[in-house]
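A.B. asks: just a sequence and a predicted model for now, questions to come.
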Amino acid sequence: MAKAAFYEGNKTFTVESVTISPPKDDEVQIRVAYCGICGTDVHVYHGHMDARVGMHRVIGHEMSGVIHAVGKNVEDASAGDRVVVRPLDHCGECSTCKRGLKHICENLKFLGLDTNGAFQEYWSVPAHTIHHLPDGVSLAHAAIVEPLAVACHDINRAQVVAGEDVLVIGGGPIGMLIAMVAREVGTHVTICEVDEKRIAYAKNLGFNARNAKDADLVEQLRNDTDGRGFNAIFDTSGVQAGVDLFTQVSATQARICMVAIHTTKPTIDLFKFFWQELELLGARVYEDTDFEYAIRLLSEGKVNPDDVITNKHPLDDIQSAFIPPKDLSMKTLIAVNPEIN
Ligand SMILES: [Zn+2]
Ligand SMILES: [Zn+2]
C-alpha cells in the first residue's frame, strides 16, 4: 500500500492508502520524492477547475523522483534512475503534432490535471515524458525543473539576448524564475510587482524592482532604461494593469511575451504595436529542449532553487500546505518521500 492525496472539491484533500499497481507497457512508475505546488494546483484547490479535474483526483506535476518499475516496452529507463516528468501527453495525430509542436497538441492531456498526478508516493506516467537528472542535482532542487522550464520556454519565445533590457511584470514564482533565466542570459532585469514583501525579495536577489502601485511607475521604468524602453517584456500578471503597462514602457520592436492566463479579455493599445513595430508572443508550457535547458541551468549552478523554494510540508500535511502563510512564500514543496533524496 502507498499514500495518495486526493482532491475532493471544496478546498479539501484527503490522504488515503492505495494499492500499488504495476506500470502499463509504455509507462514508468516513479517513486515520488518531492512535488511543488503550482499556481494551477491552487486554482484547483479553490474549485475553479472542478469541471476539468473532477473529484477524487490526485493532482500535482512539479515533481522529482526515482524510477521504481518500468513497463515491458520501455527501453531507455530503468529502476533507480533519478528523473523529472514533463507532464504533457500529446496525441501524435493532430495537425499541430504533425508540425512538431506536440507541447501545444490540439488534444493535449496535462498529467496531474487531466490524469492523476504526483501528490502520491507512486506515480505511473508515459515513458516519453521523463527526463533524466545529472548526479549533481538533488531531488529537492529538481522539483523546480518544471516551473523553471516554463521560464526557459518564455525566454526562448522572446529570443532574449545579452545586453537587452528586460521587464518582468509580476514577481511571483514564475516571474522570479523568468528574471533569473533572463539575468543568466546577460540582460538587465527589472521586476514590477505590487506586493511589498515580494519587491523586497526581488531586491534581495539582486534585481531592480519597482512597485507597480507607484504613481510615477512609468517614469521610473523609462528612467531604468535611459528612456529607451524594454526590449523584452514578460507579463505574468494576467490583469489589465499589466497590459496597459507593457505598451507604455516598450522599446521599438520590443517582444512582449504573454505568460499569464487572462480570464477576461483585456483592452490593448494596438496603436503602439503599429507605431513601434511591437510583437506579441504567446507562451504556453514548454518543449523537451526547455526541460533540458532547465536541468542544465541547475546542474551548472546558474539558477539556485533555494532562491525560490521557501516552504516544505510532508504529504500528510498537504491540506495546510495550501493555506497561504502570513510570511512571504514563493514555492512550496510537498515532501512526499524526502528520504530518497
Ligand atoms: Zn506547474
Ligand atoms: Zn496532437
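C.D. replies: That came in fine, so what should we check first? Keep in mind that what you see is a predicted model, and the values were worked out from it rather than measured. Numbering: from 1, shown residues only. Ligands and ions are numbered 1, 2, ... in the order given.
A.B. asks: pairing partners for the host helix or strand of Leu333, with directions?
C.D. replies: Using DSSP states H and E, the secondary-structure element containing Leu333 is strand 331-335. Using DSSP bridges, the neighbouring strands of strand 331-335 in the sheet come out as strand 27-36 (antiparallel), strand 309-314 (parallel).
A.B. asks: and the last one, average pLDDT?
C.D. replies: Taken as a whole, strand 309-314 has a mean pLDDT of 96.
A.B. asks: what's the burial count for the residue of the stretch 101-250 of the chain found nearest ligand 2?
C.D. replies: Across the stretch 101-250 of the chain, the shortest distance to ligand 2 (Cβ to the ion) belongs to Cys105, at 3.2 Å. For glycine as for every other residue, the C-beta is placed from the backbone atoms N, C-alpha and C. Using other Cβ atoms under 10 Å, Cys105 has 19 neighbouring residues.
A.B. asks: try Ala162
C.D. replies: Residues contacting Ala162 under the criterion other Cβ under 10 Å number 9.
A.B. asks: so which strand or helix has the residue nearest the centre of the chain?
C.D. replies: Nearest residue to the geometric centre of the chain (Cα atoms, centre = their mean): Pro147, 2.5 Å. When elements are assigned from DSSP H and E, Pro147 belongs to helix 145-157.
A.B. asks: touching, Ala33 and Val66? I think so.
C.D. replies: Yes - between Ala33 and Val66 there is a contact at 6.8 Å, judged by Cβ atoms under 8 Å.
A.B. asks: who has more neighbours, those two?
C.D. replies: A side-by-side neighbour count of Ala33 and Val66, using other Cβ under 10 Å, places Ala33 first with 27 against 18.
A.B. asks: residues touching that one, list them.
C.D. replies: Contacts here follow Cβ atoms under 8 Å, 6 or more residues apart in numbering; on that basis Ala33 touches 63-66, 139-140, 142-143, 335-338, 340-341.
A.B. asks: again, only this time at 10 Å
C.D. replies: 63-66, 82-84, 118, 121, 138-140, 142-143, 333, 335-341 (Cβ atoms under 10 Å, 6 or more residues apart in numbering).
A.B. asks: and Val259, what does it touch?
C.D. replies: 150-151, 153-154, 157-158, 168-170, 174-175, 178, 234-238, 281-284.
A.B. asks: please name the nearest non-neighbouring residue to it.
C.D. replies: Beyond its immediate neighbours in the sequence, the residue positioned closest to Val259 (Cβ to Cβ, 6 or more residues apart in numbering) is Thr236, lying 4.8 Å away.
A.B. asks: got it, and Lys109?
C.D. replies: Take Lys109 and drop its neighbours on the chain: the residue closest to it by Cβ to Cβ, 6+ apart is Asp89, 4.3 Å away.
A.B. asks: thought the one you found was touching Cys97?
C.D. replies: No - taking contacts as Cβ atoms under 10 Å, Asp89 lies outside contact range of Cys97: 11.2 Å.
A.B. asks: where do the contact lists of those two overlap?
C.D. replies: Applying Cβ under 10 Å, 6+ apart, one finds that Asp89 and Cys97 are jointly contacted by 105, 107-108.
A.B. asks: I appreciate the help and will end here.
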